[in-house]
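[1] Predicted model follows, preceded by the sequence.
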Amino acid sequence: MPITNVEELNPESRAYLESLVDQLITEQKRVGTPSPLWCLYCGSGNNPSRCTCGVKIFGCSEPFVNACSDCMSAHKKVARHLAKMFSFPKSNRVDSRRHAYFKQTVQAAEKIDGNLFRELTKTEAWTDGDTVFKQRVLASFRKANFTQFQSLARGIAEQEDAYVLRSIGRFIRSVG
Ligand SMILES: [Zn+2]
Ligand SMILES: [Zn+2]
């Protein structure tokens with residue numbers, strides 16, 4: 001019989017669950033508020049330190065902003081994806097890799113944060129010049145006050161996997 005009611009739990013389990021919920025609520029309230037004591041992005045108080053991702057626009061170079069190791073590694077993953085995207089030139093070809101990377105970013109954002117999604121979609125990966133494109137994409141994160149980098153890093157990884165699988169599928173069909 002699965003437990004459907006918290007009342008059915010033994011006192012120890014119940015106390016543990018309640019402390020877990022308390023912790024989550026506390027962490028949620030901290031998100032977006034800079035402090036040396038917690039991670040700006042997820043609120044975790046677990047060893048926050050200065051972020052070393054090097055992307056100023058994510059906000060981590062601001063004073064009193066610290067990040068936990070999970071958010072820091074997510075910053076680095078997202079930054080790597082964006083750097084790769086910016087390295088491809090503007091192209092009007094259907095197989096533009098810049099556009100493919102941009103689409104992965106936008107689709108991942110859509111599932112996580114409506115604000116970031118809206119800001120990103122104001123960017124035009126097809127027509128914006130290289131500098132404007134980069135500025136607009138990076139500014140989107142600040143304008144949306146985006147904090148959920150762990151979810152975004154996971155979402156982008158899923159989109160990348162799906163992209164690779166589709167490419168393999170296309171290749172198989174083309175030789176088949
Ligand atoms: Zn964090
Ligand atoms: Zn960072």
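    Received the coordinates, thanks. Residues are numbered from 1 along each chain as shown. Ligands and ions are numbered 1, 2, ... in the order given.
[2] what residues are up against G54?
    Applying C-beta atoms under 8 Å, 6 or more residues apart in numbering, we find G54 in contact with A79. Bear in mind the C-beta positions are built from the backbone N, C-alpha and C, glycine included.
[3] ok, it to C71 distance?
    Relative to C71, G54 is positioned 14 Å away (C-beta to C-beta, to the nearest Å).
[4] which residues does the residue nearest to K90 when sequence neighbours are not counted contact?
    In space, and not counting its chain neighbours, K90 is closest to D130: 6.1 Å by C-beta to C-beta, 6 or more residues apart in numbering. D130 is in contact with 86, 89-90, counting by C-beta under 8 Å, 6+ apart.
[5] Looking at the residues you listed, which one is closest to ligand 2?
    Distances from ligand 2 to these, taken as C-beta to the ion, are shortest for F86 (16.9 Å).
[6] Can you name the residues of the protein sitting close to ligand 1?
    With C-beta under 5 Å from the ion as the criterion, the chain meets ligand 1 at residues 39, 41-42, 44, 68, 71.
[7] a markdown table for the residues you listed, including distance to F171, secondary structure and pLDDT?
    Shown next, in a markdown table, are those (distance: C-beta to C-beta, whole Å; DSSP: H, G, I helix; E, B strand; the rest coil; pLDDT from 0 to 100):
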| residue | distance to F171 | secondary structure | pLDDT |
| --- | --- | --- | --- |
| C39 | 41 | coil | 97 |
| Y41 | 38 | coil | 96 |
| C42 | 39 | coil | 97 |
| S44 | 42 | coil | 96 |
| C68 | 40 | coil | 97 |
| C71 | 36 | helix | 97 |
